[in-house]
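[1] have a look at this fold, sequence not included:
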């Protein structure tokens, strides 16, 4: 089943929900329509038992160029991420923060398939997924510093947990663009593919067969540390939760089985 919502497209095939950012003329920069439609889609997916896994991708050869800061109303007034006149920065950032939290908490396995650019909050959306795979022409950047902005889109929370604190600082301070090879070396992405594969389905995921993957994916997702609810308030490192052995086993089960869920939808 296909559904076009202008800013995003939704395809449902055998339990896999593919959400495609659909603003290729803007390199899929995320505006108010994108956030609102994605919010509704994720809420529906969370409570639909037929939806077993989610894949996020972008149209036109790019994942997302980050937040779209250009919209204006007919009178020329700049619009914020809510689609209304720009609010104080704290309110604007909460729009993105709420969406990233919803994606983190989604009780279904999630995959970001990246081709082209994934920068700024677009990178934050990708990293909020359980797995990130990329074509060999994918490019990543914490571009905020080059715009005079602090990290947003959950990046300040998730990035050091993936690449380590020192490397996260380097990426945040300088906003360098890194390619797919370096992203894999840093642990940002799991798999690279050729451009032709990257623009197609997800059959190029490393295959690990599991007959029960489609049934166990949601429970495994719910038991993994990625499902913990990151607070907007900074937490002291000494109070952060350490994954229990059962969580580690669940993560291994997910790694073994999740790729089959997505590949089965080819």
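    Yep, it's here. As the structure is a prediction and not an experimental result, all values here were calculated from the model.
[2] how near is residue 121 to residue 149?
    Per Cβ to Cβ, to the nearest Å, residue 121 is found 10 Å from residue 149. Where you see a C-beta, it was placed from the backbone N, CA and C, and this is true even at glycine.
[3] to clarify, my last question referred to residue 51.
    34 Å.
[4] likewise residue 12?
    Separation of residue 12 from residue 149 (Cβ to Cβ): 36 Å.
[5] then residue 179?
    Taking Cβ to Cβ, one finds residue 179 at 23 Å from residue 149.
[6] and residue 128, by the same measure?
    From residue 128 across to residue 149, the span is 19 Å (Cβ to Cβ).
[7] pick out whichever of those two has more residues nearby.
    residue 128 (26 against 16; other Cβ atoms under 10 Å).
[8] ok, that one - contacts?
    100, 103-104, 110, 154, 158 (Cβ atoms under 8 Å, 6 or more residues apart in numbering).
[9] nearest to residue 139, of those residues?
    residue 158 (18.6 Å; Cβ to Cβ).
[10] packing partners for the helix or strand that contains that closest one?
    Assigned by DSSP states H and E, residue 158 falls within helix 155-163. With contacts taken as 3 or more Cβ pairs under 8 Å, 6 or more residues apart in numbering; DSSP states H and E, helix 155-163 sits against helix 121-127, helix 165-174.
[11] tell me the buried residues in the last one?
    For helix 165-174, the buried set under the neighbour-count rule, 16 or more other Cβ atoms under 10 Å, comprises 168, 171-172.
[12] so which elements touch that helix?
    helix 155-163.
[13] check which residues of the helix it packs on are buried.
    So for helix 155-163, counting by 16+ other Cβ under 10 Å, buried means 155-160, 163.
[14] so that helix versus helix 165-174, what angle?
    140 degrees (axes from the mean of the first three to the mean of the last three Cα atoms, to 10 degrees).
[15] which stretches in the stretch 101-250 of the chain count as helices?
    121-127, 155-163, 165-174, 180-186, 195-198, 213-223, 245-264 (DSSP state H, counting those that start in this stretch).
[16] one step back: the helices and strands packed on helix 155-163: which one's closest to residue 56?
    helix 121-127 (6.7 Å).
[17] that older thread, and the helices of the stretch 101-250 of the chain, which one averages the lowest pLDDT?
    Comparing mean pLDDT across the helices of the stretch 101-250 of the chain, the weakest is helix 195-198, with a mean of 48.
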